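J.: the sequence isn't on hand, but the structure is:
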Ligand code: NAD
């Protein structure tokens, strides 16, 4: 799908990878609306306050986009939160409130956003040579495939999102809507800014090449490539410099 002239929603578009996606889509000529809890949308983008974990908030924000623009062509389903914790310790079971909170944003939030947006995409006029009605990109993670020690909730949310990508591609193919995912490795964003430098060095050592953090604009370029390429469907593209994380870091086992 050619992004120019299209209406795109980016969840979590006010920071990090989402901001990279917003800027790429703006540069490609799309009208971009960031759904976020707080902060400011990048210059040139619109902002609608939305908590993706709250279905009423998602319903209202999607309706607001329809009221303003009449349709939605692209969804970058990116909002997410991190969090660590073991399933149990000698002191007791793991923190289920934390587990539910992460699932609530990363999995249930992502799912209800796709539901409300895809429903609206179905009403679009077919566009381009293949008659596409919409493109959805899910932000997964390398933890979708290799969750490390302590990453249970995050891994549960992101592996489910990766698995759902193919299911949603199958659900929505009858309507000419594609669904794909990007699975970033270690990316330089506010989400990971508080990690100790030694841990970052250890994580980046898992990269084959190049041994550096990814940049938000590199993620935006992959998102744009997926949007522009009709034959990519039901696919997850890793953006991780070949990293295959081991069971644990020294920090987790310390
Ligand atoms: P970030 O913290 O910089 O940005 C996340 C954005 O999502 C923020 O603007 C935040 O306000 C928003 N957000 C959080 N909860 C929300 C909610 N309930 N409703 C609406 N917006 C909400 O983080 P980031 O690193 O840019 O992460 C973006 C996505 O990429 C996340 O899904 C994350 O899991 C994933 N990811 C990040 C990395 C990395 O290394 N940074 C690696 C793999 C995957």
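T.: Looks like it came in fine. Worth saying up front: this structure is predicted, and the values here are computed from it rather than measured.

J.: point me to the helix or strand that includes residue 232.
T.: Counting by DSSP states H and E, there is no helix or strand that carries residue 232.

J.: if you could redo that for residue 10, that was the one I meant.
T.: Assessed by DSSP H and E, residue 10 sits inside strand 7-11.

J.: I'd like the distance from that strand to the chain centre, please.
T.: Strand 7-11 has its C-alpha centroid displaced from the chain centroid by 11 Å (Cα atoms, centre = their mean, to the nearest Å).

J.: tell me what the helix or strand following it is packed against?
T.: Proceeding N to C from strand 7-11, the next assigned helix or strand is helix 16-27, under DSSP H and E. Secondary-structure packing of helix 16-27 (3 or more Cβ pairs under 8 Å, 6 or more residues apart in numbering; DSSP states H and E): strand 7-11, strand 31-36, strand 74-77, helix 216-228. C-beta coordinates here come from the backbone N, C-alpha and C atoms, glycine included.

J.: and residue 43, how far from the ligand?
T.: Using Cβ to the nearest ligand atom, to the nearest Å, residue 43 is found at 16 Å from the ligand.

J.: residue contacts, that residue?
T.: Going by Cβ atoms under 8 Å, 6 or more residues apart in numbering, residue 43 touches no other residue.

J.: 10 Å instead?
T.: By Cβ atoms under 10 Å, 6 or more residues apart in numbering, the residues touching residue 43 are 22-23, 26.

J.: show me which of those is closest to the ligand.
T.: Closest approach between these and the ligand, by Cβ to the nearest ligand atom: residue 22, at 10.5 Å.

J.: and that closest one, how many neighbours?
T.: 32 (other Cβ atoms under 10 Å).

J.: now do residue 68
T.: For residue 68, using other Cβ under 10 Å, the count is 12.

J.: show me how far the host helix or strand of it is from its chain's centre.
T.: According to DSSP H and E, residue 68 maps onto helix 55-69. Remark: helix 55-69 is offset 19 Å from the chain centroid, using Cα atoms, centre = their mean.
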